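>>> Kindly return the folded structure for what I paste below:
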Amino acid sequence: HVDLLSLSAHKLYGPKGIGALYVRRGTPMARFMEGGGQERGRRAGTLNTPGIVGLGKATQLSLADQAGEAERLTRLRAYFMARLCAAVPDIRLCGHASRRLPFNIHFCVEGVEGEPMLLALDQAGIAVSAGSACTAGSTEPSHVLKAIGVPRSTARGALRITMGRRTSQEDVDFLLEELKRVVAELRSLSA
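Numbering: from 1, shown residues only. All right, here's what the predicted structure looks like:
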């Protein structure tokens, strides 16, 4: 029941700059590039064969351990959230507690702006985000958080953390300690 599906290889630990687009047969789609007749006339240009092979191999490797990795990341996510809620008061989880992607943690910290948290965590060597890549650079709280009823003041303290193949419990423990420190410092400044 999917008309269009796009994916990027780098999300599967494949090469950057290559992706795939699934188009269900019969789905109308205008060509976006004039020229040759590649991709059934939808685009022009030479295919990136090494990138395509890399995407295929990355997909193969990801699927080989999908269930085991999902289980490991789900446990790591639950470990993180339990300790975060115990260590940092006034945390609001965004979305359902368990029916979510295994590697995704999205929450809001009450009384703290997202940007200063990002900067402080970055200085500690931790890469997190205040929202989706689509809205990077925006100072406005997420329209999605606002739509699900998260107050503007709370939504401004949103953090999105993703874990991956190389994320260990030690990494999570380090993140927890730094997050606890950063939130305490920022809350004391605003008090």
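>>> Would you point out which residue is most central in the protein?
The chain has T162 as the residue nearest its centroid, 5.2 Å off, counting by Cα atoms, centre = their mean.
>>> Hmm, F103 and that residue touching each other?
Yes: in this structure, T162 is within contact of F103 by Cβ atoms under 8 Å, at 5.2 Å. The C-beta positions use only the backbone N, C-alpha and C, and glycine is treated the same way.
>>> what separates the residue nearest to the centre of the chain from E140, distance-wise?
Going from T162 to E140 by Cβ to Cβ, to the nearest Å gives 22 Å.
>>> Tell me where this protein has helices.
38-41, 49-64, 66-87, 114-123, 143-147, 152-155, 169-190 (DSSP state H).
>>> could you measure A97 against G36, distance?
50 Å.
>>> okay, and the helix or strand of the protein with the least pLDDT?
helix 38-41 (a mean of 72; mean pLDDT, DSSP states H and E).
>>> which residues touch that helix?
Applying Cβ atoms under 8 Å, 6 or more residues apart in numbering, the contact partners of helix 38-41 are 31, 44-47.
>>> CA-only coordinates of that helix, as CSV, when you get a sec.
The C-alpha trace of helix 38-41 is given here as CSV (Å, rounded to 0.1, in the frame of the first residue of the first chain):
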residue,chain,number,x,y,z
GLN,A,38,17.2,6.9,-18.0
GLU,A,39,14.9,5.6,-15.3
ARG,A,40,12.1,5.1,-17.8
GLY,A,41,12.3,8.7,-18.9
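>>> Any stretches of the protein with poor pLDDT?
Residue ranges of the chain with pLDDT under 70: 131-139, 191.
>>> Now with 80, please.
Low-confidence segments of the chain, defined by pLDDT under 80: 31-45, 131-142, 146-149, 151, 153, 190-191.
>>> hmm, back to that, any chance of CSV for the contacts of helix 38-41, columns distance to Q66?
Below are these laid out as CSV (distance: Cβ to Cβ, whole Å):
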residue, distance to Q66
R31, 34
A44, 35
G45, 32
T46, 32
L47, 27
